[in-house]
Every structure is written in C-alpha cells, then in structure tokens.
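Trainee: 3D model of this:
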Amino acid sequence: MHCVYDLPGEMYPPTRKDFVSLTLSERDPRTYNNGKQWRRQSCWRKWKQLSRLQRSLVLVVLPLLAVCWVVAYPSLAGHWRGLSDRAVKEDPEKGHNHGPKPVIPAVDPGVIPEPPKENVPVLPEAPPVRRPFPKRGPPGLQNRVQKKGNVSDSQVEEEKPAVKSGEQGEGEKPLVSWRGAIIEADQTTEPQLSLRGKEKEKEGNAVPGDTADGVTLKPVTDPAKRLEAVQEAFRHAWKGYKDFAWGHDELKPISKSYGEWFALGLTIIDALDTMWIMGLKEEFEEAKAWVATELSFSKDMDVNLFESTIRILGGLLSTYHLSGDALFLDKAKDIGSRLMPAFNTPSKIPYSDVNIGEGTAHSPRWTSDSTVAEVTSIQLEFRELSRLTQEPRYREAAEEVMRLVHKLEGKQDGLVPMFINTNSGQFTHLGVYTLGARADSYYEYLLKQWVQGGKKEIELLEDYLKSMEGVKKNLLKKSSPSGLTFVGELSHGHFSPKMDHLVCFLPGTLALGAHNGLPGDHMELAKQLMETCYQMYAQMETGLSPEIVHFNMQAGEGRDVEVKLADRHNLLRPETVESLFYLYRFTQDRKYQDWGWEIFQNFNKYTRVPSGGYTSINNVRDPDFPSPRDKMESFFLGETLKYFFLLFSDDPELISLDKYVFNTEAHPLPIWPNSPPAAV
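Mentor: Sure thing, here's the model as predicted:
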C-alpha cells in the first residue's frame, strides 16, 4: 500500500484515478482526532527521549516545587491580600474594580446603614517553644509531666472572650496556663492569686509594678487584707488537697494526684492547728471528722521517728491545747506509745524507723547511724505527752538522749557532728559541723526545751550558749561585695561558704533567746542574719530562695549569692518566714512584714496551681520556666502559711510567745506553769 502524507495547506491530486489512495496527514489542531491519546503518546515519546539523569532530576524537582507551593501559598496569599487591601485603603479608586464606579443607591435618612467591618489584622506567630534543660537529680525529684496537661511556659496563652462574673458558657472548660501546666480553671472556687487581672486589684494582692489591664496596681499594706490573702491561699491549697489527695499524705497538684510517705494523712494532721489559728472553722470540722473516723495507727508499716513525732504527735498535741477536744489527746497517746520501741537500743539513742503496727524498730538498711537532729528534736513533744498523761516514760526516754549528747566527746566549741551511732552511742563522721540539714534543730531544741520547762534546766541553756559562741567563732563570715553575714560549714578544719535555707531558722531562734533574757548581741546577730535570709530570696530572679546557696568571699568579685545548678529548687520551706515572724513580733519593725509580703506574693506567682494547691519548683533562677516538681509538702500548710498568718497579724496574744513555744514543725505547745525540777 502506498501512502502519501499531505502537508498542511496543500493538496496533491492523484495522477491516476483507477486506484484508492489512503492519505494520513499530520494532526490538524483545528480538527478533533482523539486529542488526549495523541498528547499522551507525544508526551510519552518525549519523556522516553530524555536521559535517565534528566528524568531523575525532573522526578525530584517537581515534588519539591509542589511542596514549596503548598507551604508558601497561605503566606503569599495573605501578603497579596494585605497589599490589595492596603492599596484599596490608601486609594479606593485603585482597588480591584477597574470599571466605572458603581452607582450608590439613595439612603433613607431615617435608616443609618451598619458601618462595614474592618479587616482583622493577622496575628503574629507565637514565639518558638522554649524547651527546659534536662533536669538533674534522681528521677523521684524530677517534674512528672502529665501528657495532657503540660506545655512550655513560653507558649502564648489563648485569649478568651471576657466573661462577666458569675457567667459561664454551657460546657465550657477554659484552660489556664500555669508556668508549664494546663489546668482547668473551673476547678477553682476561690479567686486566683496569680497577681494578674482585675480580681487582684479588688483583692489588693498586687505586686508593686504589676499591672492589670494596663493599670499599675498598688502594693497592699493593710494588715487585714494580708491576713485575708493568707486565708485564701490556705483555702486554695486545701481545695487541691481535698479534690485530689484527701486522706493521703501529700498533694501532687500538677498531676492532680497524691503521694504517700506513711499513709497517715500527714497534710490533714499537720494543718489542724493552722486552721484553728486562722479561724477556718468549716475546714477544721471536716478535718476533725476524718481524724475521728479514718485515722488509725494500727498499721503494719515503718514510719520515721523524727518526722512522725514533730508532725503527727506534735500536731495532735497542739490541736488538743488550742481546741480542748480530747479526741486529739487520745490520738496523741496512741501514736506516742507506738513510737516508744525506737528507744529500745543498746545505747538509748533511738533508731530512726519504727513499725507502728508490730512494735519493732530498726536503723536504716544502709547504716546503723541516726542523725543528731532527729534524735535531739523529739523532746518537746514527748515531754509534753508525759505532762498530759502523767506517764513519765515518754519524758525519761527523750531526756536520756539529751543527757548522753551533753556528755559526748567530738564537739567543737559546742558544735555537734551530724551523725550518732545507735549501738555505741558515739558521734560518727567527726570533724564536719553545720547548722543545716542533720544538725539544725538540735540547737533550736536546746533553747526551746529550756523555755518550755520554765527556764530551769541549766545544762540545756549552757549547751545552747556555748554552741552559739561556737557559731560565731567557727562558722560566721561576711560576703562580698555587700558584707552579708552568713553561717557556713566546717569540714575537717576547712571552711565552706555553703548555707542551707534550713539555717534561716537561726535568726528566729536567736531572737527568741534574746526575748527570754539572753545576751543582747544575739538580737543584733539575728537582725543581720535575717537580712541575709531575705537577700537569699530577693537576689533570685523569681524572688524565691534556693535550697542551698554559696556566698562569695572574694573581695570585689561577682555577686554575694551564688547558686549551683543542683541547688536551685524551692520546696516551699518555712524557715525564713518563721524568723520574720519572730523578728516582727519582738521588734515591731514593719519591714519584716513587708519582706514577708514580697515572699508570699512570689509563692503565689510562681508556685500556685490554679486547680488547687501549691507546688515546689526546680529552678528559682528562671522566672519563665521555674519547672514545677508536682509536690506540696505537708509543712506548707503546717508551717509556711501559718507563719505568714502570724507574721501579718498585729495581735501579740495570737499564740503569745510568752505562753507557747513552737516545735520545729510550727506546732505551738504550752510553756509549763510551775514546771517541776528537771531530771537532768
């Protein structure tokens, strides 16, 4: 078959007419000839003509271009739209309508048309999420993050429509960002002391310099309002405990759960006398009902002798004295008798752990030592239990420990080592002296036993006075550049400028001694140390003190207070507030109240959890991400808030320091009238 291809636009007639000619022409674009198939074949042919490298490049580039377009289109469209809108605003005649202007219909004079809505400005993108540095320390002390609840502190909070007081949309559960935790706001019934917004302006809990809706708030100086703020803080903490940890030892406010130590409701018992002192009758009654119906010490479990004595025995005895309710004395007798097996040791130095169900006691698994602070800070409670029950065994066992320690060798100018062996009755780890952890309350209880017993036990007073001279000689130094007086540590003749926050009990103890007739220079030293403890708060970015600080002693170099990474946590401790209370009660200098108010507001600002409760934090140097630890110690209700309330009160008869002496857990016990002669 002979085929002839016609060229477009030309016709060549056949030379002969006695045969049929089949003509195949090139596709005329003006005619339909299965265009899709033609294009498919043509494109495929061209694709096959490309080299393998070219085809690979095309396959890589095309998807990239598609992805870039998808990503860039929204911002480009917004940009173009913004340019277009701006052009229309600047010159309406240069808008999108290039044709003749539309005719504006006549408007009825009695009807005013609604003005057109302006374009909503594009919100700026949220700042990049700041991730916290990896936390140090054992896993148990790290912040346990709730999957649902935690976000970075730098995440911008969603703005929500303003809701009038008392109104709430149906089904709405607005979320409040609390420094790294998302917590439902509607779980709080009390107004939030977060130091933001108009509620704070009404309540007067403002920090100087803070603002509410652009208005600078004034600091609160009215003592009554400060007292109300502390009561509200207690109710808020109590609400969190009731909602998420009722009957358990401690609240975990971030995860809305609880932690157990002894499974004895420590927070309830520790807070009983605080509620009584604050006049929170409703909360006190519900706590009392739990003690009456749920609290039982008949459990096969180990408890720590020291912690159980100061928190449980001390709390029950104090509440009995304040309320007069025999229920609390009966419970105190029960736990007191169950703790006595701890004293059954070869040396009469008690074991640290007691099984209150089986009546056995033992040292920790890793050592046969007890800490000196633990065995010498149980005397106030056991002595008072003997006085109330007329059973001398409690007092005799506790005072025997003091007699033994009084005679022991290994002290340095009245300062004691940190450990004592329960078998030999001798100090161990000699040569290390501190007023911080493991030794602190030994010095506190020397003075307070003397005060409790009517100032008749001379050996206790002598040991106290000698130890304070030892502090001045061996541990007292000044920092640079500000010259802050601080108490360091001594280790085998080497001085360390390390000071625990726990040492901040000392200004209050010194002031108490001076109030009871001890040398006047004790009060001067108390004031100097009080300034130092305040600076441990004021010099931190959050206004909250770390657990441990190191003071600078190099002249003209750096700042006074230095903090190591592992020591930057704050556990809601009470020692500084405790000493502020003593200094204000004895001097009436209102600067101590003002310092306390600053600290109280910073607790509200950085540790308060909106759903209820307060939490310890990991980093007092980072106000943007203090890193909550998810734990509210029982002493926050038992001590810290109690001392805040007493500090802001101007009533000297509210727990008079001439009638009561506080144990080391802030439970007031009566000073004995007509105390019998001491057995020491």
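Trainee: using PDB, list the CA coordinates for the host helix or strand of residue 233.
Mentor: Using DSSP states H and E, residue 233 sits in helix 223-245. Taking Å, rounded to 0.1, in the frame of the first residue of the first chain, the C-alpha atoms of helix 223-245 are listed here in PDB:
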ATOM      1  CA  PRO A 223      -2.700  44.000 107.600                       C
ATOM      2  CA  ALA A 224      -6.300  42.800 107.400                       C
ATOM      3  CA  LYS A 225      -6.100  42.300 103.700                       C
ATOM      4  CA  ARG A 226      -2.800  40.500 104.000                       C
ATOM      5  CA  LEU A 227      -4.400  38.200 106.600                       C
ATOM      6  CA  GLU A 228      -7.300  37.500 104.200                       C
ATOM      7  CA  ALA A 229      -4.900  36.800 101.400                       C
ATOM      8  CA  VAL A 230      -3.200  34.100 103.500                       C
ATOM      9  CA  GLN A 231      -6.500  32.600 104.500                       C
ATOM     10  CA  GLU A 232      -7.500  32.500 100.800                       C
ATOM     11  CA  ALA A 233      -4.100  30.800 100.000                       C
ATOM     12  CA  PHE A 234      -4.800  28.200 102.600                       C
ATOM     13  CA  ARG A 235      -8.300  27.500 101.300                       C
ATOM     14  CA  HIS A 236      -6.900  27.200  97.800                       C
ATOM     15  CA  ALA A 237      -4.200  24.700  98.900                       C
ATOM     16  CA  TRP A 238      -6.800  22.800 101.000                       C
ATOM     17  CA  LYS A 239      -9.200  22.600  98.000                       C
ATOM     18  CA  GLY A 240      -6.500  21.000  95.900                       C
ATOM     19  CA  TYR A 241      -5.800  18.500  98.700                       C
ATOM     20  CA  LYS A 242      -9.400  17.700  99.200                       C
ATOM     21  CA  ASP A 243     -10.100  17.300  95.500                       C
ATOM     22  CA  PHE A 244      -7.100  15.100  94.600                       C
ATOM     23  CA  ALA A 245      -5.400  13.700  97.700                       C
END
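Trainee: avg pLDDT for the following helix or strand past that helix?
Mentor: Sequence order places strand 250-252 as the next helix or strand after helix 223-245, per DSSP H and E. Averaging pLDDT along strand 250-252 yields 98.
Trainee: which elements pack onto the helix or strand just after strand 250-252?
Mentor: The first helix or strand that comes after strand 250-252 along the chain, using DSSP H and E, is strand 257-259. In terms of contacts (3 or more Cβ pairs under 8 Å, 6 or more residues apart in numbering; DSSP states H and E), strand 257-259 is packed against helix 223-245, strand 250-252. Every residue, glycine included, has its C-beta placed from N, CA and C.
Trainee: which parts of the longest one are buried?
Mentor: What that stands for is helix 223-245. With burial defined by 16 or more other Cβ atoms under 10 Å, the residues of helix 223-245 counted as buried are 223, 226-245.
Trainee: now swap in stretch 475-485 and tell me
Mentor: Buried residues in stretch 475-485, counted by 16+ other Cβ under 10 Å: 475-476, 479-480, 484-485.
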